[in-house]
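Novice: This is a predicted model, with the sequence first.
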Amino acid sequence: MKILKKILVFLLILLVVAQFFGPEKNDGNIETVNTFLAETNPPADVKKILETTCFDCHSDKTIYPWYNSITPVNYWLNDHIKDGKKHLNFSKWSEYSLKRKEHKMDELHEEVEKGEMPLESYTYTHSDANLTPEQIAAVVAWGKKVQGDYKIQMQAK
């Protein structure tokens, strides 16, 4: 019984010490998405959806929830953000080729339409990211239009 008590005390101390360490935050400037917004020109309702459901994990600026201060949760969130930015980073939109932009818009509207984005784990704590059928339809329609515009631009080249 003494060994179990020592292990629990050690784990508690380890957990407390771990709170002083954490991953680097995704604290860039939200203005970096302006190129994407200007180029794709989403309607106001879609822009709001992008801001509340996409930009936290798919841009260089994350608005962190209060529980991001808790280790190991902050590492888990950081991993989600890194993975999201690896797949699509709206802050790097100007660096994408025309073909890549067209492909990313295709993925964007397909993922939203299938209900795979936003992630279910994100919507648990961000109730405003739970999209209604109308919001999904708006994002899909906008995404398809923008994708079509990129296809036209690619054909013109």
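Specialist: Done, it's in.

Novice: Leaving out chain neighbours, which residue sits closest to I136?
Specialist: Ranked by CB to CB, 6 or more residues apart in numbering and with sequence neighbours excluded, the top spatial neighbour of I136 is V112, at 5.8 Å. (C-beta placed from N, C-alpha, C; glycine too.)

Novice: Return the distance of that neighbour relative to C54.
Specialist: Per CB to CB, to the nearest Å, V112 is found 9 Å from C54.

Novice: go on, K104?
Specialist: Computed with CB to CB, the distance linking K104 and C54 is 12 Å.

Novice: Now do the buried residues in the helix or strand harbouring L4.
Specialist: Per DSSP states H and E: L4 is located in helix 2-18. By 16 or more other CB atoms under 10 Å, helix 2-18 has no buried positions at all.

Novice: okay, it in CSV with CA atoms only?
Specialist: Extracted in CSV, the C-alpha atoms of helix 2-18 (Å, rounded to 0.1, in the frame of the first residue of the first chain):
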residue,chain,number,x,y,z
LYS,A,2,2.9,2.3,0.7
ILE,A,3,4.3,1.9,-2.8
LEU,A,4,0.9,2.8,-4.3
LYS,A,5,0.7,6.0,-2.2
LYS,A,6,4.3,7.0,-3.3
ILE,A,7,3.4,6.4,-6.9
LEU,A,8,0.3,8.6,-6.6
VAL,A,9,2.2,11.4,-4.9
PHE,A,10,4.9,11.2,-7.5
LEU,A,11,2.2,11.4,-10.3
LEU,A,12,0.5,14.3,-8.6
ILE,A,13,3.8,16.2,-8.3
LEU,A,14,4.6,15.4,-12.0
LEU,A,15,1.2,16.7,-13.1
VAL,A,16,1.7,20.0,-11.1
VAL,A,17,5.2,20.5,-12.5
ALA,A,18,4.0,19.8,-16.1
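
Novice: confidence score at L15?
Specialist: For L15, the pLDDT comes out at 65.

Novice: make that K145, sorry
Specialist: So, for K145, pLDDT stands at 96.

Novice: Contacts only, for the residue nearest to I136.
Specialist: Neighbour list for V112: 131, 136, 139-140, 143 [criterion: CB atoms under 8 Å, 6 or more residues apart in numbering].

Novice: Please flag which of those residues sit within helices.
Specialist: Using DSSP state H, the members of the contacts of V112 that fall in helices are 136, 139-140, 143.
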